[in-house]
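In: Generate coordinates for the sequence data below:
(chains A and B)
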Amino acid sequence: MGKSSKDKRDSYYRLAKEQGYRARSAYKLLQLDAQFNLFKDVTRVVDLCAAPGSWSQVLSRSLVAKQNAKDTTTTTLISNTEPARSSGEKKPKVKIVALDLQPMTPLPGVITLQADITHPSTLPLVLKHLESDCANVDLVVSDGAPDVTGLHDLDEYIQAQLLLAALNLATCVLRPGGNFVAKIFRGRDVAELYCKLRIFFERVTVAKPRSSRGSSIEAFVVCENYTPPEGFKPSLENPIWTGPTRQEDIAGQITEVSLEDAPGGRWVAPFVACGDLSEWDSDATYQLPDTDENGVKRASKDPIQPPTAPPYKTAIEMRRRMGNGGKIDE
Amino acid sequence: MKSRSYVGPVTSLAFLGDDLFVGHGSDLKLFSPSSSGFSLRWRKRAFKRERIQGIQFQAAKKGTSDDTRILLWGGKKFQLFSPPGPSQSSFDLDPEDEIPAPDWILNSVFLEPEDEFPKIAIITAHNTILTYTHNVAAPVAQRFKFYPSPERCLLYSANIINNTTVSNTGDLIALAGTVFGEVLLWKLNTLDDEVPARVNLRGRYLSHEGSVFGVSMSPDLRYAASCSDDRTIRLWDTEIHTKNGQSEECVEVKEPLAVGWGHQARIWGVRFLQSSENEIRLLSFSEDLTAKTWSFSTNSTKRSLICTQTFKSLHSASGKNLWSLAIHPSERIFVTGGADSGIASWNLVDSDTDTRSNWAPYCNSKPKIQETIVNLDEILPPTNLPPGKKATKDEPRKYVTLGSRAFIVAMSSGWLLHCDLSDPNKQTWQKLGFWSQIKNTSALGAAKLQFEGGFIYTIALGDNDGRLLFLRANSEGLVTPPESTNEWVSICGSRPSDILFSQCDNCHEVTGPSSVYAAVTTFKPDEPIKLLQISGINIEKTWSLAPPDTFPFTAIMFYRTGGRDLLVAGSRHGAFAVYEIPEDTEETLLPIKVWRHIHDDESVTALDFISARLSKYTEDNAIEVEMVSTGRSGAYKFHKLCIGSELDLFDLKETNSLYPAAVPRVEKYQVISDKTSNRKYEMIHGFRGRDFVLWNQSLGIEAASYDCEGGNRSWDFSFGNDKTATDEGLFVFTKAKKCHIVRFLNILHDPLLQAPFHGRELKTLATSPKSAFPHQIIATGAEDTIIRFSYVHPKTNELVNLTSRKTHTTGLQDLVWSSCGGWLFSSGSIEEVYCWKINRIPSDLDNDDLNIGVLREAIYDVSTDNLPDLRVCGLDVITVHNADGEPLGFLVGMVRSDSSIKLALYQISTKKFVTIAEGFYKTSCLLQIRFHLTADNNILMFTAGTDGFVTIWDITNTLVNCGIVANSKALSAPNAALQNLTPQKLHQNQWILCHGIHRNSIKCLKIVEIGTHEIILLTGGDDTAICISRVQLAANNEKGSSDAASITSKSIERAHASAVTTIEVVSVADQKIDFLSSGIDQQVKRWSLDLSSFTEPDVRLLEDVYVGIPDVAGLAFIQGEEKGGTKLIVGGVGIEILDL
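Out: Numbers count the residues shown, from 1 in each chain, chains lettered A, B, ... in the order given. The predicted structure follows:
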């Protein structure tokens, strides 16, 4: 499908190009913020599974740009190197750390790190870049999703593991009262996940932004007011709920999922649709005018950033080289 | 609610000796081979919720009383049990006994037990090994032993095996494929009591560019193979890492031994085949629906795996994914399991010598092709050249096949040859004669007759002067006396172009065994066609038929009943003509009726009866003939031809039509019986590109194909015709002036152990009204763009496939039956809306208590071409009657993703949609539409969409303007001629209510009328809620329209854990509504709604069951014969059938 017809099918794809976002998913975070006021008083943010970086762009524009408007501190491009010395010491400087296994094009005001969120060594790295020796992050966000295979139970499991890995890192860096937002697949066993999140946060809501397709299984959990259970010791060395663990290994961390309103470890988070009804409907097909408001013929724009290299890139190149209509055999 | 049967992805397969174990959803199935194929021995539920992802065995030790043990796993659960012996019926497999593992299981293996308890090792998705001792007396937690992981990363695949290269070391080798494209190898000793404090990685194999979905270790542990998202297979040398006594250091390997390229999509698994000294062989399976064998020569300097064979197209062509594969221990066959529920068997080697396996007879019955190219110059003596003339190259011109073991060929030189193939090792050629007047001929035709228990053929040969010679032959040669070869009869005034025989093996029942009918055509378009009745080699009667304009004959069918004789002819331009043939006449006969464009403008390639016994001669001297025709249009079509007693009363009704995509140029449709299995198959032959194709429509598979470089050449084909040879076919053709003989053997072979269903998830399902057919038909529409028609077998509860249509070009959105069951409306993306006619048709097939014909009768006109993805998300259909109460057409409502609504009238007589009204709701996507006729004869339309609002429109006047009115809960158009059919506008001022009841998309909407002016709306939303809304309609006011409504809603918040996608009402009685809901959480919930309290309706959850169907898209009921026999159909990724 050409980019022009995709514009009509997907209004957020078109908007993202017009407003300079790397991916349409930027609007999901914007709409979540509009509903939950996630960015209020936020100075330290960690963006997990960040590539290609549209959520970091939103964070950068909403937090850094705002601050820059107030004081004139210029932001330096920082990428996986020594964190830049902040010049203004009066106001808490906005720190955005973005992590991904994939390399990511730098963004103003965002520290991008190429690291594995499950690896114990990642935590000190993040803390170092936050210029902090304690957990004082206000917000942790994660828009990560796995390679979807089509085996629903496996896909949900892998997505849940990604979310729990993000949760483990979040418990290590969040300040009490901090918030956590992550992509979730609302499948068969989603109630079990909600229940686990409820143990750490006062409020857990499942939110579906208008920019997320109705036909998609994806939604976002918005977990507010981080309140770990008494005696809980966060650790990436000994993460909870990821992989086989003996009871004794996590004794003292967390024992059982026990919530009064969650019989059998299943509890369903309340649902919120976010984004105003006047905003674009991601399921709708729009008839775009041929010309813009100035009467200029509308041209379909190129995406800001081409898709990151797919794993089968070499396979396609191989096929091209071998000719035969792109097919290797037959 | 109890689960009765399941259709869905086949997630695991494993051979234990000759027995095949199948993990199909939560069910374990056992298939055993027999001489005729395979049979399902038993089926047993293994898990409460999980699908069986893996199967392992521990064979019974000889000389002990131990049983064979089976280990099953799926998700975080596993089961250990012993299967019943051949004489046992008891079974110790019970889903209640499933054992929870502490993590997701990727692979598992039996260990040597140290005591009386079976012991296993598990590798989990976090690269961790656990052992488990099956001591049921101990608490579950104590049966596990935990070992440290060398690197706790997330895996997509793993393989653990006992290191049997060294005896009894207790060493396990683990091979793991990570989500980041790494392959890891490590060892663990599970015999030591002491759990090591640390376990080291031995090997880290890098270079995959995407997640590793499959890993496998060679039996000798010298090699590992991996496959990935990056579409490659990689082979690794692991010898140094698996050997004991080597360094404990982890070795990082960045170069594989070899890489295999060739799969077109992600590769899910790879296995080692038996390797020789210098060659390593692999078998892989992929998302691209193929399996491939690979070879690597260890002597080679090239680091590449060569793809040696590709196995494809037994699974749904439009589907996605092979999920499982198992190789028989003999390595002669392997089986694959698909996302489409199908299980197919494939031959890995062709040798017939090994008969040790019970599968051997089955393997040997796989289709085979024998080809021979004959240079006929060597058979024909050069002496026949007239003296003094230069030899010209002789070539085969026309063929007739006499069954599958003989044929006759006319040569350009004037020779007629007979070739006998009954000896499989040679061809026996005979010269039947030489006639110079058939040089560069000619016309040749043949008809088959049953004769003294065998078959005999009448052959007609035409010469250049309009004369015909008749011969009789069988597979051994001529049966007519030699002197008959000179009895040429003058038939037509010029050179005949073709001799078309009527298919007499179907009509001898009525015409007697000895006579056949043939039409002789010439190259002159206006010259009358001669119709001949031939008995033996003598012409009994002759008629002259005047061809209609532009009607070159291409096929004929003669039919006699009740003293009336009919001839149906097909033309080069897709037309049919019918002649009534009088007893005797000198006059040239004119057709009594011509129908044009039956096969578009393309040649009719064959005409036949579906079955003579199914045709009728009614009391009032009328004739009904059920016929089948094929055409170059790419279709085969069934028609019912009715001829009244008066010649001006006739009707040709199309009852079925199918365009088999695998055979775009259809030459013939036949029903062939398989004598060994007693099954009948619909077989189609024709051409696809360069290939001659034999297509088994009943199984939905290609029986065989042969590259003949296209169909524009002289050729003939026939199936075998005696008891021993129905399972074979003969295809002869000319290429490069040579005669090519292709024999197809075992063409009725059924390679499917389990029939395929949709290749991707269902989006919609609808059951036909109860009494329309002997069984309620379930229409299912899926993301694979196919509509399937099936029914539930009343005894077995299995889904039985009737037919399918791949006509939509996009995934299906909605399906709605007409209330009479005769029509089905379907919608998809890019504005596709089709009207289908569903007919019950007679058939020659054996399962004939129900056969249906399906025709696409009409396409709704696309309004605009600049909205490429305009989805028609919802449909509703209501019948419109004429003044006599007969159905005249249907009011069809469509709601679409651009917020537009279209109302169209589908007229049965014209077979056309006419748009009568259109308009927009707002700008958000609409998903639901329902019509409702009120007690006051108002016509309401309910719409709902992604914004969570329900809108009620009063469309009474819109329809009145077209001449349609509501009367006692039915629509009628009293004046047959509908008025004012230019589209009207739907306006917001027709809204009588617009109310937000859900916070996001309304995924389902049901209307229940509970009082004269009172309606209950049941809606399910993406917001996980079910909403019960009571709508009060104002009584009729003076304007003749109900212009007011009030609504009160009660939400069952969090009714499901995720989106509620479907609601169906079970019963309505006494202010009580019993209904079902389901959604993405895979729970089906039964609710009882009590409306007796007006303000606060009381809802109670009666039942809550889990179904093994991800992405539930719809529920439907099949009404049982007796009370309580109702079945519930749940559709999504597959279908589950439950007792309600």
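In: ok, which residues in the stretch 51-200 of chain A are in contact with chain B?
Out: Taking C-beta under 8 Å from any C-beta of the partner chain as the contact definition, the stretch 51-200 of chain A meets chain B at A:101, A:116, A:118, A:146-147, A:149-153, A:157-158, A:161, A:186-188, A:190-191. C-beta: built from backbone N, CA, C; applies to glycine.
In: Tell me where the stretch 1-150 of chain A has strands.
Out: Ranges of strands within the stretch 1-150 of chain A are A:44-48, A:78-79, A:95-100, A:110-114, A:137-142, based on DSSP state E, counting those that start in this stretch.
In: ok, the third one: who's next to it in the sheet?
Out: Here strand A:95-100 is paired, per DSSP bridges, with strand A:44-48 (parallel), strand A:110-114 (parallel).
In: okay, these, which one's buried deepest?
Out: Among the strands paired with strand A:95-100, ranked by average contacts under mean count of other C-beta atoms under 10 Å in any protein chain shown, first place goes to strand A:44-48 (a mean of 28).
In: Run the chain-centre distance for that strand.
Out: Computed by C-alpha atoms, centre = their mean, to the nearest Å, the chain-centroid distance of strand A:44-48 equals 9 Å.
In: Then stretch B:406-422?
Out: Averaging C-alpha positions (C-alpha atoms, centre = their mean) puts stretch B:406-422 40 Å from its chain's average.
In: again with stretch B:832-845
Out: The answer for stretch B:832-845 is 16 Å, by C-alpha atoms, centre = their mean.
In: since we're on the spatially closest residue to residue B:674 that is not a sequence neighbour, how many residues are nearby?
Out: Leaving aside its chain neighbours, residue B:674 sits nearest to residue B:748 (4.3 Å; criterion: C-beta to C-beta, 6 or more residues apart in numbering or on different chains). Residues near residue B:748, counting by other C-beta atoms under 10 Å in any protein chain shown, number 26.
In: What average pLDDT does stretch B:425-439 get?
Out: Stretch B:425-439 carries an average pLDDT of 87.
In: For residue B:639, which residues are in contact?
Out: Residue B:639 makes contacts with B:576, B:598, B:626-629, B:652-655, as judged by C-beta atoms under 8 Å, 6 or more residues apart in numbering or on different chains.
In: helix/strand/coil for it?
Out: strand (DSSP: H, G, I helix; E, B strand; the rest coil).
In: so how far is residue B:547 from it?
Out: Distance from residue B:639 to residue B:547, counting by C-beta to C-beta, to the nearest Å: 20 Å.
In: which non-adjacent residue is nearest the closest residue to chain A within the stretch 51-200 of chain B?
Out: Residue of the stretch 51-200 of chain B nearest chain A, by C-beta to the nearest C-beta: residue B:126 (3.1 Å). Closest residue in space to residue B:126, ignoring its immediate chain neighbours: residue A:243 at 3.1 Å, by C-beta to C-beta, 6+ apart.
In: mean pLDDT for the strands of the stretch 1-150 of chain A: which is lowest?
Out: Per-stretch mean pLDDT for the strands of the stretch 1-150 of chain A is lowest at strand A:78-79 (a mean of 42).
In: There's contact between residue B:711 and residue B:686 in this structure, I believe.
Out: Yes. Here residue B:711 lies in contact with residue B:686, judged by C-beta atoms under 8 Å, at a distance of 7.4 Å.
In: Which one's more surrounded, those two?
Out: Counted by other C-beta under 10 Å, residue B:711 and residue B:686 do not tie: residue B:686 has more neighbours, with 27 against 18.
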